[in-house]
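Asker: this is a predicted model, with the sequence first.
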Amino acid sequence: MVEEVVLDEVEGDYLFKVLRGSAVWRGLTVQFEGVVYQSVGGPNVGVSVPEEEVERLLGMGFTREDVAGLEQRLQVKILNGEVRVGEG
């Protein structure tokens, strides 16, 4: 479960935005990066957890499948606007 998503940086224009932020997931703060871009069918979101964060999570006993599930949940939350814009 993702408890909170905070966007610290949003750069770009109407058609393409680059995101950086953090999420509280299973009680841990996890950094992520992503893009939002417009297409014929509406907006699309792609999110990834940087490899350094993935390695940290793997060291804590999580799997790559857990991380992939986190990335998928982050994409849905961002697409649905379930985020807070940070002060960064």
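Answerer: It's in.
Asker: what about the longest helix in the chain?
Answerer: Across the chain, the longest stretch assigned as helix under DSSP state H is helix 64-79.
Asker: quick one: it to chain centroid distance?
Answerer: 7 Å (CA atoms, centre = their mean, to the nearest Å).
Asker: now stretch 17-24
Answerer: 5 Å.
Asker: again, but for stretch 18-32
Answerer: 6 Å.
Asker: with just CA atoms, put it into CSV.
Answerer: Only the C-alpha atoms of stretch 18-32 are listed here, as CSV (Å, rounded to 0.1, in the frame of the first residue of the first chain):
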residue,chain,number,x,y,z
VAL,A,18,9.5,15.0,-15.8
LEU,A,19,8.7,14.2,-12.2
ARG,A,20,10.8,13.4,-9.1
GLY,A,21,9.4,12.7,-5.8
SER,A,22,9.0,10.3,-2.9
ALA,A,23,6.3,7.9,-1.6
VAL,A,24,5.6,6.3,1.7
TRP,A,25,5.3,2.6,1.1
ARG,A,26,5.0,0.0,3.8
GLY,A,27,6.3,2.6,6.3
LEU,A,28,9.4,3.5,4.2
THR,A,29,10.1,6.6,2.2
VAL,A,30,11.1,5.6,-1.4
GLN,A,31,12.4,8.0,-4.0
PHE,A,32,11.1,7.8,-7.6
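Asker: counting by contacts, list what the longest helix of the chain packs against.
Answerer: Counting contacts by 3 or more CB pairs under 8 Å, 6 or more residues apart in numbering; DSSP states H and E, helix 64-79 packs against strand 2-12, strand 16-25, strand 28-39, strand 42-48, helix 51-59. (C-beta placed from N, C-alpha, C; glycine too.)
Asker: can I get those in CSV with distance to residue 69 and mean neighbour count?
Answerer: Listed next are these as CSV, based on distance: least, CB to CB, whole Å; neighbours: other CB atoms under 10 Å:
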stretch, distance to residue 69, mean neighbour count
strand 2-12, 10, 14
strand 16-25, 10, 18
strand 28-39, 12, 16
strand 42-48, 12, 14
helix 51-59, 11, 13
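Asker: residue 73 is nearest to which of those?
Answerer: Nearest to residue 73, of all the helices and strands packed on helix 64-79, is strand 2-12, at 4.9 Å by CB to CB.
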